[in-house]
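Q: 3D, please:
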Amino acid sequence: MTEPQFPRQPLGARLFSFAVVADTHVNESEDTCASPFATNARANARARHVFADIARLDPAPAFAIHLGDIVHPVPGLPSFEEAARRFKAIASQIDMPLHLVPGNHDVGDKRIDWMPADVVCDGYLDKYRGIFGPDYYAVDHGGVRFLFVNALLFNSGLDADAAQREWIDGQLAGAPGRVFVSLHYPPYLHDPAERGSYDNIDEPGRGWLLSRLRNPQVEAVFAGHVHNFWYDVIGGAELYMLPSTAFLRHDYSEFYRVPPADEFGRGDVEKFGYFVVDVHERGHVAKLIRTHGAMRGEAAGGQPPARALPPVHTKTAVSDGVAVELRHPWAEIVEIPCTGGVQEFGRKLARNDYPLMAMWEMGLRTLKIPTQDLHDEQTLRRARLMADVGHRFVLTSLGVPDTALLDRARAHGVPIAAIEINLSARALQDAGPALARLRGHTDARLIYGKIRTGEDDAHFDGKHYSHFVNTGLRAAELDAAAPLLRARLEQKHIDGITVRLDWGADLIAAHADLARRAQDWGMCVNVGVKLADRLAAANTDDAAIAALVAEAFLASRTGDAVSYAFDTFMDVDRGYFPRNGLIDRRYDPRPAALALAALNAVFDRPGPASVERLDGPAHTRLCRFLTHGRSYELAYGPAAAVHGHAAGAGRIIDLLCPQTPADSAGHDRPGHALLLIERG
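A: Numbers count the residues shown, from 1 in each chain. Reported below is the predicted structural model:
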């Protein structure tokens, strides 16, 4: 794998930002659309919301980029010009330059003999240039050269294809340093060698373009067209494929294990969004802002509310003490069926990058994976890319892991931060030599996870018989286990232990005890937080799960000795112990993910901190968090009681809905509230 010239985790000050929008598909009127899908008819209102949102960003972007499919009517239709006029009116909300590249709806489809739509031609290019301006050009800003490329020209047979290629070579040769490239079609979707489809650039143009994108000066590539999120690396450049603001390409709803959302997946509004990209002295951060399908009408008055918190990203998050267990596949390659429409002649491969998108937008860094993930080449390659942007991997193993697996990870450039070694207490007594050999083979922390046997838990409670696997010491068992554990710690066979925190336990109280014990024993403690309630009963209490994640985040900021791993990242909605996680089965964020993102946005600097449990109103859970000379309270409980407790505070953030500030009427909402309250 090519070592990047530019660091994936940015260094130095932020120089400027820019916004990136893709596939607005603006229609010729508010209630008319050439598509039979109702979702498409809402494209204008959704684009209007996006540009209003960009206009309110703080700090303001230096400019915005549109990646094509600006309008929905193709240039051969008489409605094209009116749709273009409406787009310009919608985009006029932003007071900054707007750079455009053409999409297939703007200049015609790529030249393929099986596509019945009109293909790119000189006439359509002339029409685009007359309405929107040049179809390829360059802009220099802040020491970075931005290339805006017409992807439809590749393989078109038009004279402009050769002219653009010559221009690209000249721009790269004369670039002062860093280069960012924007175009509509991605060069490929899953693999540079994949066959041509509706979703990529065909050969031979693809190979030519990839050879230029591998130029070490190219730092980032932005593409649209496919209306879903993907991430990859071309040479040293990061490749981002952006979601649409208008609708989802719903053939990719095949990623889900549950039915698709509205209109067979086309109206899955939680996938809509745009990017804000922060350019640093070295490197950049591309942050996703989900729009959730929000709309703004033509007659909407005033300005939309400003965002209460900035978007976050794993690259720049400073907290890694909260991990998730990746029980589901997280780098899965899926065969997308040929369901008709734009794909008829064979299945196509695509990687499901929605887990990655969700991790990034909540600033999640630490991931707990099973040893089986080190066997697969594709997964290891993905892990390397993720490690480069700041992810940490904790390996969980049944028994002492095979050192050959660690060699594979090392060969792929995947650092393993810790290894949880699951053994029974009896097996731990005999594991000294194996642990010593492992110690000589890795610099990862070695964490003992106890496999619970019949000696630890009764199998029969008088009514039900259980033969389910359970792991982790309970805090109440530590004194009895101390002789064996402390001997292993003193012999350097292990560095720490996994302690199990069952649903309903007081995390803040447990943290105080475990932090003290970690200091006394000279060890680290990984707390396995169990979100399952009991066998055959689903835990779907999203507010309570979010409160637990928030408490773990604050507790983990008080030191490095105690960290938390949540079981699970994505919902387990079938099987023995159903429970909600941080994202649902469509890979959309649950309240716990929103809370984690908000806390990463608020507490974006490392530093000393403390946390303690407080008494609060009846049926509420309250703790105080002190850091950087400021006092915060985390309050969870019935909405009326929690909002009443927060009354008069200077700053209140509703962690269950953190996009806008918590309002004074929040106590009127039903259910429970989770607030972060700044007291001074």
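Q: Report how many residues lie close to Pro638.
A: Neighbour count of Pro638, defined by other C-beta atoms under 10 Å: 17. Heads up, the C-betas are built off the backbone N, CA and C, glycines and all.
Q: now swap in the one 4 residues further on and tell me
A: Using other C-beta under 10 Å, Val642 has 27 other residues around it.
Q: Which residue is the nearest non-sequential neighbour of it?
A: Ala673 (4.1 Å; C-beta to C-beta, 6 or more residues apart in numbering).
Q: Verify the contact between His105 and Ser79 for me.
A: No: the pair His105 / Ser79 is not scored as a contact, 11.6 Å apart, by C-beta atoms under 8 Å.
Q: ok, the two, which is more surrounded?
A: Counting neighbours by other C-beta under 10 Å for His105 and for Ser79 shows that His105 has the greater number, 26 against 18.
Q: In terms of pLDDT, where does the more buried one sit?
A: Per-residue confidence at His105 stands at 96 (pLDDT).
Q: how near is it to Ala117?
A: 9 Å (C-beta to C-beta, to the nearest Å).
Q: what's the overlap in contacts for those two?
A: Val74 (C-beta atoms under 8 Å, 6 or more residues apart in numbering).
Q: Quick one: the strands in the stretch 401-550 of the chain, in order.
A: For the stretch 401-550 of the chain, the strands defined by DSSP state E, counting those that start in this stretch cover 416-423, 445-450, 473-474, 496-501, 524-530.
Q: tell me the angle of the second one relative to strand 496-501?
A: Going by axes from the mean of the first three to the mean of the last three C-alpha atoms, to 10 degrees, strand 445-450 is angled at 40 degrees with respect to strand 496-501.
Q: which other residues reach strand 445-450?
A: 394, 396, 417-425, 428, 435, 438-439, 456, 471-473, 481, 485, 488, 493-498, 524, 526, 528.
Q: thinking again about what came up before, look up the residues forming beta bridges with the residue nearest to Val642.
A: Gly637 (DSSP bridges).
Q: show me the contacts for it.
A: Contacts of Ala673 by C-beta under 8 Å, 6+ apart are 543, 635-639, 642-643, 654, 656, 666-667.
Q: which one of the residues you listed is nearest Asn155?
A: Leu656 (49.4 Å; C-beta to C-beta).
Q: ok, the closest one touching Ala544?
A: No: look at Leu656 against Ala544 with C-beta under 8 Å: they stay out of range, at 11.0 Å.
Q: List the buried residues in stretch 116-130.
A: 118-121, 124-125, 127-128 (16 or more other C-beta atoms under 10 Å).
Q: what's the neighbour count on Glu281?
A: So Glu281, with other C-beta under 10 Å, has 12 neighbours.
Q: what's the answer for Ala647, then?
A: Taking other C-beta under 10 Å as the definition, Ala647 ends up with a neighbour count of 10.
Q: one step back: mean pLDDT lowest where, among the strands of the stretch 401-550 of the chain?
A: strand 473-474 (a mean of 92).
Q: distance between that one and the chain's centre?
A: 32 Å (C-alpha atoms, centre = their mean, to the nearest Å).
Q: Give the other helices and strands that it contacts.
A: Secondary-structure packing of strand 473-474 (3 or more C-beta pairs under 8 Å, 6 or more residues apart in numbering; DSSP states H and E): strand 496-501.
Q: For the strand it packs on, which helices and strands make contact with it?
A: Strand 496-501 packs on strand 445-450, strand 473-474, helix 478-490, helix 507-521, strand 524-530, going by 3+ C-beta pairs under 8 Å, 6+ apart.
Q: So in that sheet, which strands flank the first one, and in what orientation?
A: In this case it means strand 445-450. Short version: by DSSP bridges, strand 445-450 pairs with strand 416-423 (parallel), strand 496-501 (parallel).
Q: how about Glu238, phi and psi?
A: With angles defined as degrees, to the nearest 10, Glu238 shows backbone torsions of phi -90, psi 130.
Q: That one and Tyr231 touch, don't they?
A: Yes: Glu238 lies in contact with Tyr231 (C-beta under 8 Å); the separation is 7.2 Å.
Q: ok, which stretches of the stretch 501-650 of the chain are helices?
A: 507-521, 542-556, 591-602, 639-646 (DSSP state H, counting those that start in this stretch).
Q: Tabulate those helices (JSON lines), appending mean pLDDT and distance to Asp402.
A: Output for these, formatted as JSON lines (pLDDT from 0 to 100; distance: least, C-beta to C-beta, whole Å):
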{"stretch": "helix 507-521", "mean pLDDT": "96", "distance to Asp402": "29"}
{"stretch": "helix 542-556", "mean pLDDT": "98", "distance to Asp402": "30"}
{"stretch": "helix 591-602", "mean pLDDT": "97", "distance to Asp402": "33"}
{"stretch": "helix 639-646", "mean pLDDT": "94", "distance to Asp402": "50"}
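Q: Tell me how many other residues crowd Thr32.
A: With other C-beta under 10 Å as criterion, Thr32 counts 14.
Q: tell me the contacts of it?
A: Thr32 neighbours (C-beta under 8 Å, 6+ apart): 41, 79.
Q: ok so, going back, overlap in contacts, His105 and Ser79.
A: By C-beta under 8 Å, 6+ apart, the residues touching both His105 and Ser79 are Pro73.
Q: Low-confidence stretches in the stretch 551-680 of the chain?
A: 659-670 (pLDDT under 70).
Q: any low-confidence regions in the stretch 351-500 of the chain?
A: Those would be 454-462, 464-467, if you go by pLDDT under 70 across the stretch 351-500 of the chain.
Q: which of the residues in stretch 483-494 are buried?
A: For stretch 483-494, by 16+ other C-beta under 10 Å, it's 485, 488-489, 493-494.
Q: can you list contacts of that stretch?
A: Contacts of stretch 483-494 (C-beta under 8 Å, 6+ apart): 421, 425, 428-429, 431-432, 435-436, 439, 446-448, 478, 495-497, 521-523.
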